[in-house]
Each structure stands twice: as structure tokens, then as C-alpha cells.
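> Next come a sequence and a model predicted from it.
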Amino acid sequence: MGALGKAYRSGIRITHGDAEAYRLGIGDLHPMGSPTLDLALCDVLDDFTAAVDAEVMARAFPGLRVAAGVWPDGSNMVLVRTETGGGFGFGFDPTAAEQDLRVAIADGMQNGFIDALRTAVPICPGHPHPLRPQLRDVARWECPRDRNFWSCPIGSYAR
């Protein structure tokens with residue numbers, strides 16, 4: 001899957017170009033494009049957009065854009081920004097195995113979205129708490145109380 005400049009099922013654009021990064025106010029980030037990273041970001045973002053009402057998401061994150069890259073100090077970051085300058089970021093290890101990377105991306109996104117929305121997301125069906133990203137056979141969302149109660153692979157929350 002070539003991710004450069006494409007909008008995904010979620011409608012959220014993953015940024016790779018330097019010009020777009022500067023427009024987002026993250027000009028010191030040197031964007032990186034990786035099919036594994038892009039697919040992980042896409043699947044996690046799809047799960048969050050499926051879990052959150054579209055109007056709530058649009059109000060909380062207007063013009064949402066995501067960039068992944070390397071800072072001048074060598075640290076790797078995912079940055080989530082809105083057209084109004086808000087957002088959040090978190091570090092990741094680009095050398096992690098694919099499924100470990102998916103769990104790390106899900107965990108970082110979940111922390112940022114929960115802080116911004118002040119609600120459990122993605123919600124555990126039938127419970128008031130959020131699901132927890134875990135690595136089992138694959139990266140999964142699962143109930144933190146009982147993994148046998150409810151779980152699904154990351155990227156398939158809405159299916």
C-alpha cells in the first residue's frame with residue numbers, strides 16, 4: 001500500500017511531504033514513509049474514527065493530520081495535529097516488529113485521543129472502559145478485565 005499523500009478509509013491524511021509538515025507547524029520533523037508504519041497508523045485511525053461520532057471527532061480535531069518522522073535529535077515521533085494548531089504526539093521505535101509497532105501506535109493514539117476527548121475510546125462493548133491494545137497472536141484490542149469477553153485485531157474494530 002503506497003501511503004504517500006493518500007487519505008485512508010478514515011479520511012485522515014498521513015503526511016510525508018516536507019511542505020505539508022511545515023504547514024502543520026512541525027517543520028523540524030523529517031518525515032518518514034514506511035508501508036508498515038503507514039498501515040499501522042491507518043488501521044488505528046480507522047478504529048478511532050469508527051469508535052467516535054463523526055461530529056464529535058470533527059469538533060475535537062478539525063482538519064486532523066498525522067505525521068511520522070525523525071526529529072533532529074534522532075527521536076522518532078508520531079504527531080497528530082489539527083488545523084487550529086492543537087494535537088498531541090508520542091514516540092515510537094521504527095525498528096520494532098510489525099505487530100509490536102501496531103500496539104505502540106494504538107497505545108500512543110489512545111492516550112492522546114482519551115486526553116483530548118475525555119472519554120473511553122475505543123470503548124469496550126458492554127463496558128464503560130476503553131479497550132486495551134495488546135500483543136497476542138497479533139496486535140489486538142481487548143477488554144482489560146477479561147480478554148475472552150471481547151477482542152478484535154487492531155484495524156477491525158468497526159467490522
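Cool, got the structure.
> longest helix of the chain?
Ordering each helix of the chain by length in residues (DSSP state H) puts helix 98-117 first.
> Tell me which residues are up against the helix or strand that that one is followed by.
Using DSSP states H and E, the next helix or strand after helix 98-117 towards the C-terminus is strand 132-135. Under the contact criterion Cβ atoms under 8 Å, 6 or more residues apart in numbering, strand 132-135 has outside partners 99-100, 102-103, 106-107, 110, 139-144, 147, 151, 154. Heads up, the C-betas are built off the backbone N, CA and C, glycines and all.
> Where do the strands of the chain begin and end?
Counting by DSSP state E, the segments of the chain that form strands are 13-15, 30-31, 65-70, 76-81, 87-91, 132-135, 139-142, 151-153.
> Output the longest helix of the chain as CSV, restricted to C-alpha atoms.
C-alpha atoms of helix 98-117 as CSV (Å, rounded to 0.1, in the frame of the first residue of the first chain):
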residue,chain,number,x,y,z
GLU,A,98,5.2,-5.1,12.8
GLN,A,99,2.8,-6.3,15.5
ASP,A,100,4.7,-4.5,18.3
LEU,A,101,4.6,-1.3,16.2
ARG,A,102,0.8,-1.6,15.8
VAL,A,103,0.4,-2.0,19.6
ALA,A,104,2.7,1.0,20.3
ILE,A,105,0.9,3.2,17.7
ALA,A,106,-2.5,2.1,19.2
ASP,A,107,-1.3,2.9,22.7
GLY,A,108,0.0,6.3,21.8
MET,A,109,-3.1,7.3,19.8
GLN,A,110,-5.4,6.0,22.5
ASN,A,111,-3.7,8.1,25.2
GLY,A,112,-3.9,11.2,23.0
PHE,A,113,-7.5,10.7,22.0
ILE,A,114,-8.7,9.9,25.5
ASP,A,115,-6.9,13.0,26.9
ALA,A,116,-8.5,15.2,24.2
LEU,A,117,-12.0,13.7,24.1
